[in-house]
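K.L.:
Generate a structure from the sequence data that follows.
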Amino acid sequence: MHDSADHWNVWLGSEVVCDVTRTDQFTVGSPDNSIAGAHSSLESAAAQVQGWVRWSGR
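P.N.:
Just a heads-up that it's a prediction; the model follows:
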């Protein structure tokens, strides 16, 4: 969900699993630190999140 011009929450069902924040990079972070990263594009950040979802079996 695109919350603002520079922030997105990533939901799986009713749970926010991580967020993406744009500063000079697109930073991915989760509350439990199971997913984290910094990317030069939103597409790359999304690919990390999609890979984590597949890997985690969620």
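K.L.:
how about the helices in the chain?
P.N.:
Per DSSP state H, the chain carries helices over the ranges 42-56.
K.L.:
got the buried residues for the longest strand seen in it?
P.N.:
Assignment by DSSP state E gives strand 15-22 as the longest strand of the chain. For strand 15-22, the neighbour count (16 or more other C-beta atoms under 10 Å) marks Val17, Cys18, Asp19, Val20, Thr21 as buried. All C-beta atoms are positioned from the backbone trio N, CA, C, and that covers glycine.
K.L.:
Dump those into a markdown table; add pLDDT and distance to Val10 as well.
P.N.:
Shown next, in a markdown table, are the buried residues of strand 15-22 (pLDDT from 0 to 100; distance: C-beta to C-beta, whole Å):
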| residue | pLDDT | distance to Val10 |
| --- | --- | --- |
| Val17 | 93 | 5 |
| Cys18 | 96 | 5 |
| Asp19 | 95 | 7 |
| Val20 | 96 | 7 |
| Thr21 | 96 | 11 |
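K.L.:
so Cys18 makes contact with Asn33?
P.N.:
No. With contacts counted by C-beta atoms under 8 Å, Cys18 stays clear of Asn33, the gap being 9.8 Å.
K.L.:
who's in contact with Val16?
P.N.:
Asn9, Val10, Pro31 (C-beta atoms under 8 Å, 6 or more residues apart in numbering).
K.L.:
Just the buried residues from those residues, in ChimeraX please.
P.N.:
In ChimeraX syntax, the buried subset of those is picked out as below (16+ other C-beta under 10 Å):
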select :10
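K.L.:
Show me which of the contacts of Val16 is closest to Val49.
P.N.:
Distance to Val49 across the contacts of Val16 (C-beta to C-beta) is lowest for Val10, with 5.5 Å.
K.L.:
ok, for the closest one, nearest residue in space, not its chain neighbours?
P.N.:
Cys18 (4.8 Å; C-beta to C-beta, 6 or more residues apart in numbering).
K.L.:
swap in Asp19?
P.N.:
Spatial nearest neighbour of Asp19, excluding adjacent residues (C-beta to C-beta, 6+ apart): Asn9 at 5.2 Å.
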